[in-house]
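Asker: okay, here's the prediction I keep looking at, along with the sequence it came from:
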Amino acid sequence: MLVAAAVCPCPPLLVPEVAAGAAPELDSVRAACTDALGVLAAARPDLLVVVGPAEASGSGPRPEGARGSFRGFGVDLEVRLGRDTGTGSGGELPSSLAVAAWLLACTGWSDAPVAPVEGLGVEESLTPERCAAAGRDLAARAGRVALLVMGDGSARRTLKAPGYLDERAEPFDTGVARALGEADTSALRALDALLAQELKVSGRAPWQVLAGAAEDAGLSGTLLHEDAPYGVGYLVAAWS
């Protein structure tokens, strides 16, 4: 059963070594993520599953101890998902799960874990129905399950955004922010997958996995951060 969830954005820029001189610009996002992860720890889960967007080649489950790096972003920094199991198996973590692993390490979860940690990379093309089904399966994995859900909002909020300006982007992100803040699973399940793809939203599928996992959990939500630096929607929320 799902007992808690944290929702965080997944840009590699969250990692100060990647952001370099621009690192202070995302300090408020990092602080909000730390607060959200605190909610997960307080829930004392039996299992934490990190869910994030992934390309087809990087999708699927990742075991505890799986490793990732930020070498693709010019930084020689490695991360590990949860405890060191001595195997490092499961293949390279997709970028979103690598960012999550970095966040967990920053809060001490990797050194003194509250619970085992596993990962799940979700393809952008996964239908809302399959996302919800995956979420229900995750919630049934243990008596007390927590999710760390990674994903960005639209990347088309401004003229200088990665996807250029689209006037539909801000209303979309506003609707998602409301749904995350109210733990509105129906609204998350109803997100338009095609529109999300057009707006370059990486979080749609992971958010819908969360919606499936939380269907009967009766959780309440709190929106901790909402912003669009660099023209990309960054949302942080906690459910408990």
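Answerer: Arrived safely, thanks for sending.

Asker: residues contacting G58?
Answerer: Going by Cβ atoms under 8 Å, 6 or more residues apart in numbering, G58 touches G91, E92, L93, P94, G121. Any C-beta I mention is one placed from the backbone N, CA and C, and that applies to glycine too.

Asker: what residues are up against the residue positioned nearest the centre of the chain?
Answerer: Nearest to the geometric centre of the chain sits M150, at 0.8 Å (Cα atoms, centre = their mean). Contact analysis of M150 by Cβ under 8 Å, 6+ apart lists 8-10, 50-53, 96-97, 99-100, 203, 206.

Asker: okay, and the beta partners of the residue nearest to R62 when sequence neighbours are not counted?
Answerer: The shortest distance from R62 to any non-neighbouring residue, by Cβ to Cβ, 6 or more residues apart in numbering, is to G119 (3.4 Å). Under DSSP bridges, the beta-bridge partners of G119 are V50, R62.

Asker: for G119, give me its contacts.
Answerer: 49-52, 61-63, 66, 81, 90, 93, 97, 100.

Asker: any of these buried? List them.
Answerer: The neighbour-count test (16 or more other Cβ atoms under 10 Å) marks V49, V50, V51, G52, R62, P63, A66, L81, G90, L93, L97, A100 as buried among these.

Asker: quick one: least confident of those residues?
Answerer: The pLDDT minimum for the buried ones among the contacts of G119 sits at G90, where the score is 63.

Asker: which SS class is A155?
Answerer: Here A155 is coil, with the state taken from DSSP: H, G, I helix; E, B strand; the rest coil.

Asker: quick check: the residue nearest to the centre of the chain vs E118, distance?
Answerer: As judged by Cβ to Cβ, to the nearest Å, M150 and E118 stand 14 Å apart.

Asker: same question for T127.
Answerer: From T127 to E118 the distance is 23 Å (Cβ to Cβ).

Asker: can you pull out the strands in this protein?
Answerer: For the chain, the strands defined by DSSP state E cover 2-8, 47-54, 60-62, 67-69, 78-80, 117-123, 145-150, 221-227, 234-239.

Asker: got these as JSON lines, with distance to L40 columns?
Answerer: Output for these, formatted as JSON lines (distance: least, Cβ to Cβ, whole Å):
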{"stretch": "strand 2-8", "distance to L40": "5"}
{"stretch": "strand 47-54", "distance to L40": "6"}
{"stretch": "strand 60-62", "distance to L40": "18"}
{"stretch": "strand 67-69", "distance to L40": "20"}
{"stretch": "strand 78-80", "distance to L40": "18"}
{"stretch": "strand 117-123", "distance to L40": "10"}
{"stretch": "strand 145-150", "distance to L40": "5"}
{"stretch": "strand 221-227", "distance to L40": "13"}
{"stretch": "strand 234-239", "distance to L40": "8"}
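
Asker: low pLDDT regions in the protein?
Answerer: Applying pLDDT under 70 to the chain flags the ranges 87-90, 110-113.

Asker: in JSON lines, list the contacts of M150 along with distance to G143.
Answerer: Output for those, formatted as JSON lines (distance: Cβ to Cβ, whole Å):
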{"residue": "C8", "distance to G143": "24"}
{"residue": "P9", "distance to G143": "29"}
{"residue": "C10", "distance to G143": "28"}
{"residue": "V50", "distance to G143": "19"}
{"residue": "V51", "distance to G143": "19"}
{"residue": "G52", "distance to G143": "24"}
{"residue": "P53", "distance to G143": "28"}
{"residue": "S96", "distance to G143": "27"}
{"residue": "L97", "distance to G143": "24"}
{"residue": "V99", "distance to G143": "28"}
{"residue": "A100", "distance to G143": "23"}
{"residue": "G203", "distance to G143": "27"}
{"residue": "P206", "distance to G143": "23"}
